[in-house]
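Participant: let's see this in three dimensions:
(2 chains)
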Amino acid sequence: MTALMNSLIPLVVLLPLIGAAGALVAGRRPRLQVTFSITVLSLVVLTSAALVYLTDQTGGHAVTVGGWSAPFGIVLVVDRLSALMLLISSIVLLCVLVFSVGQGMADGDRETPVSIYHPSYLILAAGVFNAFVAGDLFNLYVSFEILLVASYVLLTLGGTQARIKAGITYIIVSLVSSMLFLASIAMIYGATGTVNIAQLSVRLGELPADIQLVLQIMLLVAFGIKAAVFPLSFWLPDSYPTAPAPVTAVFAGLLTKVGVYAIIRTETILFPGNTLQTVLLVVALLTLVIGILGAVAQSDIKRMLSFTLVSHIGYMIFGIAIGTVAGLGATIYYVIHHITVQTTLFLATGLVERQGGTTALNRLGGLLKASPVIAVLFFVPALNLGGIPPFSGFIGKLGLFEAGAQTPSPLIWVLIGAGALTSLLTLYALMRAWSLAFWRPKREAHEEESPALDRIEEAPDESADVQETKASPRIMIGATVAMVTVSLALTVFAGPLYSMATRAAQNLEQPADYISLVFPNGGVS
Amino acid sequence: MSASLVLILLMAVLYAGGVYLLLGRSMTRMLLGFLLVGNATNLLILIIAGPAGLAPIVADGVEPSEMHDPLPEALILTAIVITFGVSAFLLALIYRSWRIARADVVTTDAADAAVGGSSIDDEESTEAEDGSDEDTEFEGRAEAKTS
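Facilitator: Prediction:
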């Protein structure tokens, strides 16, 4: 069992990197490149599925890369949380890749113009997977850089003016966050003499409380920028919507969640004890409310979804702030739910953009008649994100509220109220978008006299250009259907998944579990 | 732990200058700011490593306590490589922006301005957006891709 896991864990990082190299070599032969990338990501899905199964049996495993034992070498650690994140992110990455292949075949490389799309995408995948298995802080920093550099390339693909403008904001903000992260690693190393997460878990606790607080806040700010937590979320709605639809989908689904994952690790393994509960609760409250109010004001589906993305990060911060096993378990389930549903919604929006020629709500209309399939594909994840039972969004939110009610305090009750309000407003924003784009007859869209539009400003001309409408190829529809199916599977298999999330949370609450994975013979100091 | 005051002062100056430059609207200034902040962070890691010592090579008559900690230097090397790569990418981006828009500044987001009403001062952005698309390297292709 140990030998199997020893070989499986590095594969999740190695396979996409080898795939990226292969895809780069095969740059002039698109068909070979596509086959190569899809095969590689499918293999990662299988590997992660095996890891989820094995990890749940054994509790986790750490690989000492190159045989250098911790704390001297680099360790790759997979516990239940990492395994779950690996599985869901590899599934999402595979579906989005298939979607973009369909788009590329239909449009002849219009949106993904160069042969570097596949290599960058696979390097992004390698960075994401590496972040989930990183066993030391510096490796986490390197994986952040891997995925960020790949995301810079993907975001500015084609180099049009709008994308470069969005890219510059995104890149500068990411760079500042990376520098902050690097500086905090330097300080942590200076204070403790190690960057190994398991060893830090012991040594950070021995530091004076004020130094601990400074280090914790520096890490939280660095990760908070990546996770788009208010007030560090301003960059997200400006930079995501301009990218090609599949790129936006995968960024929205995964990149912010890598930040959330890092915050979970910081708050449980590195700094247990939940010392910043009040701060986190206030931040979660502001993220929830301000994010969703932003979403309600938007007149463009992509921007509206970007704001709901920011808003729903608040739920995850809320769960982390509760800090109990129930709270963390619900957070992990919610992260999995949100990765799937947010990606699905962006993919469905990509289909809307093709069918309707735009994503501006005041120009869309009559899509239900034109394409009932897309209407359903948008409607199901929209209900799911809004938290309508029996979908996974409802289960996740219910779990969070229940966990909050178990450790009552006035602020937590306020947050439960704000969470319910956010859920309703999400439903309002998404249903308004749905009824305007799909339900409204086409001719009404040109008259622009819908009462639902009173409250939103007309979209600026730049984003409202109605392009030619195109039919959506089967592959794109198929990939979106697959994502909707995955999101429904989260409901159907909610029982086993939720109990595994709870077991993962139990591991997180006991840093000793994590330490014993890295130092099986003890002796950590 | 004792640290060199000169290094600390240098780091502080680099951070201050870097943050000042990063806050500007000009992309070239941002690039310079990023380079300064990056180097300041590298200096921070170097300061953290403690006072200078012997090379960390195991040899007769050298006590481990006399050696310099090699790990921070490995971290610095990695950080330098990353900074280098990102700067190259930023330079390419700035060049592209210049070719397309004849502009070196970050413009105000049009959708933000619409939601915020007319309160956002976008004189600068209109000035920047006036640049024509004529002068692109990939003339026809680049225009076709503008969405």
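Participant: any idea how far stretch A:198-207 is from the middle of the chain?
Facilitator: Offset of stretch A:198-207 from its chain centre (C-alpha atoms, centre = their mean, to the nearest Å): 28 Å.
Participant: phi first, then psi, for B:Met67.
Facilitator: B:Met67 has phi and psi values of phi -80, psi 160 when expressed as degrees, to the nearest 10.
Participant: please name the nearest non-neighbouring residue to it.
Facilitator: B:Pro56 (4.3 Å; C-beta to C-beta, 6 or more residues apart in numbering or on different chains). To be clear about C-beta, it is placed using only N, CA and C from the backbone, and glycine gets the same treatment.
Participant: what sits against that neighbour?
Facilitator: If you count contacts by C-beta atoms under 8 Å, 6 or more residues apart in numbering or on different chains, B:Pro56 has them with B:Met67, B:His68, B:Asp69, B:Pro70.
Participant: run the last query once more with 10 Å
Facilitator: B:Pro56 sits next to B:Val62, B:Pro64, B:Glu66, B:Met67, B:His68, B:Asp69, B:Pro70, B:Leu71, B:Glu73 when contact means C-beta atoms under 10 Å, 6 or more residues apart in numbering or on different chains.
Participant: turn the residues you listed into TSV, columns for neighbour count, distance to A:Tyr261 and secondary structure.
Facilitator: Output for those, formatted as TSV (neighbours: other C-beta atoms under 10 Å in any protein chain shown; distance: C-beta to C-beta, whole Å; DSSP: H, G, I helix; E, B strand; the rest coil):
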residue	neighbour count	distance to A:Tyr261	secondary structure
B:Val62	14	42	coil
B:Pro64	9	37	helix
B:Glu66	11	41	helix
B:Met67	15	36	strand
B:His68	14	35	coil
B:Asp69	14	30	coil
B:Pro70	13	30	helix
B:Leu71	16	25	helix
B:Glu73	15	29	helix
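Participant: mind putting the residues you listed into TSV with pLDDT?
Facilitator: Output for those, formatted as TSV (pLDDT from 0 to 100):
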residue	pLDDT
B:Val62	79
B:Pro64	78
B:Glu66	80
B:Met67	83
B:His68	83
B:Asp69	84
B:Pro70	85
B:Leu71	87
B:Glu73	89
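Participant: which one of the residues you listed sits closest to A:Ile171?
Facilitator: Of all those, A:Ile171 sits closest to B:Glu73, with 27.3 Å by C-beta to C-beta.
Participant: return the residues in contact with the closest one.
Facilitator: B:Asn42, B:Ile45, B:Leu46, B:Ala49, B:Pro56.
Participant: how about low-confidence regions in chain B?
Facilitator: Residues of chain B that meet the criterion pLDDT under 70 lie in B:1, B:103, B:107-147.
Participant: sorry, that was for the stretch 401-525 of chain A
Facilitator: In the predicted model of the stretch 401-525 of chain A, residues A:443-471 satisfy pLDDT under 70.
Participant: can you give me the strands in it?
Facilitator: With DSSP state E, counting those that start in this stretch, there are no strands along the stretch 401-525 of chain A.
Participant: now A:Val45: which helix or strand?
Facilitator: helix A:30-58 (DSSP states H and E).
Participant: from A:Arg503, how far out is A:Pro208?
Facilitator: Distance of A:Pro208 to A:Arg503, given as C-beta to C-beta, to the nearest Å: 34 Å.
Participant: ok, those two, which is more surrounded?
Facilitator: A:Arg503 (19 against 9; other C-beta atoms under 10 Å in any protein chain shown).
Participant: what residue lies at the spatial centre of chain B?
Facilitator: Nearest to the mean C-alpha position of chain B, by C-alpha atoms, centre = their mean, lies B:Phe34 at 2.0 Å.
Participant: need the nearest residue in space to A:Ser184, chain neighbours excluded.
Facilitator: Distances taken as C-beta to C-beta, 6+ apart place A:Met218 nearest to A:Ser184, at 3.8 Å, with adjacent residues excluded.
Participant: give me the number of residues near that neighbour?
Facilitator: 17.
Participant: am I right that it is in contact with A:Leu137?
Facilitator: No - taking contacts as C-beta atoms under 10 Å, A:Met218 lies outside contact range of A:Leu137: 11.8 Å.
Participant: mind listing what A:Met263 touches?
Facilitator: Quick fix: residue A:263 reads Ile, not Met. By C-beta under 10 Å, 6+ apart, the contact set of A:Ile263 is A:219-220, A:222-224, A:226-227, A:229, A:280, A:313, A:316-317, A:320, A:331.
Participant: for A:Thr156, same thing?
Facilitator: Residues near A:Thr156 by C-beta under 10 Å, 6+ apart: A:163-168, A:170-171, A:242-243, B:89, B:92-93, B:96-97.
Participant: quick one: which of the residues you listed sit in strands?
Facilitator: Under the assignment DSSP state E, those contribute nothing to strands.
Participant: pick the one among these closest to B:Leu77.
Facilitator: B:Leu77 lies nearest to B:Phe89 out of the contacts of A:Thr156, by C-beta to C-beta, at 19.3 Å.
Participant: was I right to think the closest one contacts A:Leu155?
Facilitator: No - the pair B:Phe89 / A:Leu155 is not scored as a contact, 11.2 Å apart, by C-beta under 10 Å.
Participant: neighbour-wise, which of the two wins?
Facilitator: More crowded of B:Phe89 and A:Leu155, by other C-beta under 10 Å: A:Leu155, with 25 against 16.
Participant: measure the more buried one to A:Ile9 for me?
Facilitator: From A:Leu155 to A:Ile9 the distance is 30 Å (C-beta to C-beta).
Participant: likewise A:Leu147?
Facilitator: 18 Å.
Participant: could you do B:Ile57 as well?
Facilitator: Using C-beta to C-beta, B:Ile57 is found at 33 Å from A:Ile9.
Participant: what does A:Phe307 give?
Facilitator: 37 Å.
Participant: of the two, who's got more company?
Facilitator: Counted by other C-beta under 10 Å, A:Phe307 and A:Ile9 do not tie: A:Ile9 has more neighbours, with 27 against 23.
Participant: now that one: which helix or strand?
Facilitator: Here A:Ile9 is assigned to helix A:2-25, by DSSP H and E.
Participant: filter the contacts of B:Glu73 down to the ones in helices?
Facilitator: B:Asn42, B:Ile45, B:Leu46 (DSSP state H).
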